[in-house]
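In: Take a look and give me a structure for this.
(one chain, ligands or ions: 1)
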Amino acid sequence: MQIDTRAATRRLPLPPKLGGGLPLLGHTLDFLRDTQGLMRRAASEVGPVARFRVVGKDMVLLTGPKVHEAFFRAPDEVLNPSEAYKMMVPVFGKGVAYDNDGERMMEQLHMLLPALQDQRMRTYGSVIAQEVDDSLSTWGDSGERCIVEYAQTLTNFTSSHCLLGREFRKEMTEEWARVYHDLERGIVPIGYIHPYLPIPAFRRRDRARARLGEMVSEVVERRRRSGTVREDFLQTLMESRYKDGSALSDHEITGMLVAAMFAGHHTSGVTTAWTLIELLRHPKELALVRDEIDAVYAEDPELTFPSLRKLKRTEWAVKEALRLHPPLFILLRAALEDYEIEGYLIPKGTWCIVSPIVAHELDEVFAEAKRFDPSRYDKPRQEDKKPFAYIAFGGGRHKCMGNAFAILQIKTIMAKLLHEYDFELSGDPIETDFSGLVLGPKLPCRVKYRRRG
Ligand code: HEM
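Out: Coordinates of the predicted model:
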């Protein structure tokens, strides 16, 4: 779809407005109380391009593959992610990722690519498998636990191992957990407006970021001195060069690692939990997935990388859990110029939103959209192949770089868990916790487990 940035000269109408806003506040209260409810209403009552006002800012929600394409393909000079995600600057660090012009940001992000290529996935596959085995060694024959907490801890270990390296994972676990926790607790909604307010959460965040910088520098220095070369993200970044031939500073390396960790840890953790929950809610699907896993194990008890690739149905279950429960439920861009979309003027200064959660509920795009149905990815349906329909990983120029890593990780965990144990949901029905920036199941989320006979 073509974007016309000269729209301002054409006197186009503004997008239709959602009714029910208050005189000065607009839809601010609805947005704070029930963001996804507001967006669902905007999409169903107004249509693919819906306008509302939040904290004095015009927002436009774009819903449906056609307008998603306009959003995801827009150049950064027109629809810009940095403005919307600037609360992350103190976490990643000055001059890292979103704190750059578009070109420099893309140059930095692309340095992660060699760490995400096929060959590396083989290494990560065995690291992840080992981490799962270690975690299960304390489970015993039966018991009960919160699957979300388990998945978050496990994906913290796997991600830090694959990204930051063996040194971190083996030597610095406790301190790393503390520092990472303080960084995470520094991401609060007020940060959207004032990321440098002198409040305790931000002071702890800044101390944690400084300490993390020291920790990464120590490891980098040790590797340089010893000449050790490893297969992790840290190594990739140490070897990366800008176009002008210069290397990343230790500060930039730390920031990029934190960015990758933040992008991939919670998102993968909650998706692991949702995949298991949805399979337990759908015993027929669970049986199909387990048959596939058992067949793969029968051929290759080591569950090597080529075997993991054979787990198609398991992968569809992960994708379907992600479709119904996309952890990143609003994606934002700030309009830096006027532009036109579907005959409407989007004025400079507007925030544009695409919501995977609303997009994935469209029955005209996904058959019986609310149903957990992994077969929708099988031939001939392949509903995920419709352009810009399935957007759990975003799309276009800023599409998730870690999607293959995430799927590999969740598939591996799922295969190990379901091969070793039978599970049963216990406790109250599980709902979504909408209080955070990354959506997951509401805690506690108890499952009973028993070793398979
Ligand atoms: C289930 C897990 C994951 C989900 C659901 C997810 C989702 C997303 C989404 C929706 C975006 C697009 C954001 C936007 O358009 O504003 C994104 C971008 C990104 N993701 Fe992921 N992600 C996951 C895992 C990962 C992992 C494991 C990594 C790295 C190891 C990663 C690295 C990135 C990066 C670097 C970007 C920014 C790309 C850019 O701006 O060009 N993600 N992710």
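In: When you work out contacts or count neighbours from here on, use the C-alpha atoms and nothing else.
Out: Fine.
In: so where do the strands sit in the stretch 1-150 of the chain?
Out: Counting by DSSP state E, counting those that start in this stretch, the stretch 1-150 of the chain has these strands, from start to end: 49-54, 57-62, 79-80, 142-146.
In: Residue 336 is nearest to which of these?
Out: Among the strands of the stretch 1-150 of the chain, the nearest to residue 336 by C-alpha to C-alpha is strand 79-80 (6.1 Å).
In: Which strands and helices lie in contact with that closest one?
Out: Under the contact definition 3 or more C-alpha pairs under 8 Å, 6 or more residues apart in numbering; DSSP states H and E, strand 79-80 sits against strand 331-335.
In: helices or strands up against the helix or strand following the strand it packs on?
Out: Later in the chain than strand 331-335, the nearest helix or strand by DSSP states H and E is strand 339-341. Under the contact definition 3+ C-alpha pairs under 8 Å, 6+ apart, strand 339-341 sits against strand 344-346.
In: Beyond the strand it packs on, next helix or strand please.
Out: Toward the C-terminus, strand 344-346 is succeeded by strand 351-354 as the next helix or strand (DSSP H and E).
In: before we move on, the earlier item: and among the strands of the stretch 1-150 of the chain, the most buried is which?
Out: Among the strands of the stretch 1-150 of the chain, ranked by average contacts under mean count of other C-alpha atoms under 10 Å, first place goes to strand 79-80 (a mean of 24).
In: longest helix of this structure?
Out: helix 250-281 (DSSP state H).
In: Identify the residues contacting the closest residue to residue 433 other than its chain neighbours.
Out: In this structure, residue 433 finds its nearest non-sequential neighbour in residue 442, 4.5 Å apart by C-alpha to C-alpha, 6 or more residues apart in numbering. Going by C-alpha atoms under 8 Å, 6 or more residues apart in numbering, residue 442 touches 430-433.
In: try 10 Å
Out: By C-alpha atoms under 10 Å, 6 or more residues apart in numbering, the contact list for residue 442 reads 148, 429-435.
In: same check, this time on residue 424
Out: By C-alpha under 10 Å, 6+ apart, the contact set of residue 424 is 144, 276-277, 280-281, 446-450.
In: Equivalent analysis for residue 218, please.
Out: 212, 224, 250.
In: What remains of the residues you listed if I keep only buried residues?
Out: The neighbour count (16 or more other C-alpha atoms under 10 Å) marks 212, 250 as buried among the contacts of residue 218.
In: out of the contacts of residue 218, who's nearest residue 107?
Out: Closest to residue 107 out of the contacts of residue 218 is residue 250 (16.6 Å), distances taken as C-alpha to C-alpha.
In: Pass me the low-pLDDT residue ranges in this structure, would you?
Out: 1-10, 189, 192 (pLDDT under 70).
In: Pretty sure residue 235 is one of the things residue 228 touches, is it not?
Out: Yes. Taking C-alpha atoms under 10 Å as the definition, residue 228 is a contact partner of residue 235 at 9.4 Å.
In: The two: who's more crowded?
Out: A side-by-side neighbour count of residue 228 and residue 235, using other C-alpha atoms under 10 Å, places residue 235 first with 19 against 10.
In: helix/strand/coil for that one?
Out: Under DSSP: H, G, I helix; E, B strand; the rest coil, residue 235 falls in the helix class.
In: what residues are up against it?
Out: 115, 163-165, 220, 223, 228-229, 253.
In: Can I get the buried part of the residues you listed as one PyMOL selection?
Out: With 16+ other C-alpha under 10 Å as the burial test, the buried ones among those are selected in PyMOL as follows:
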select buried, resi 115+163+164+165+220+223+253
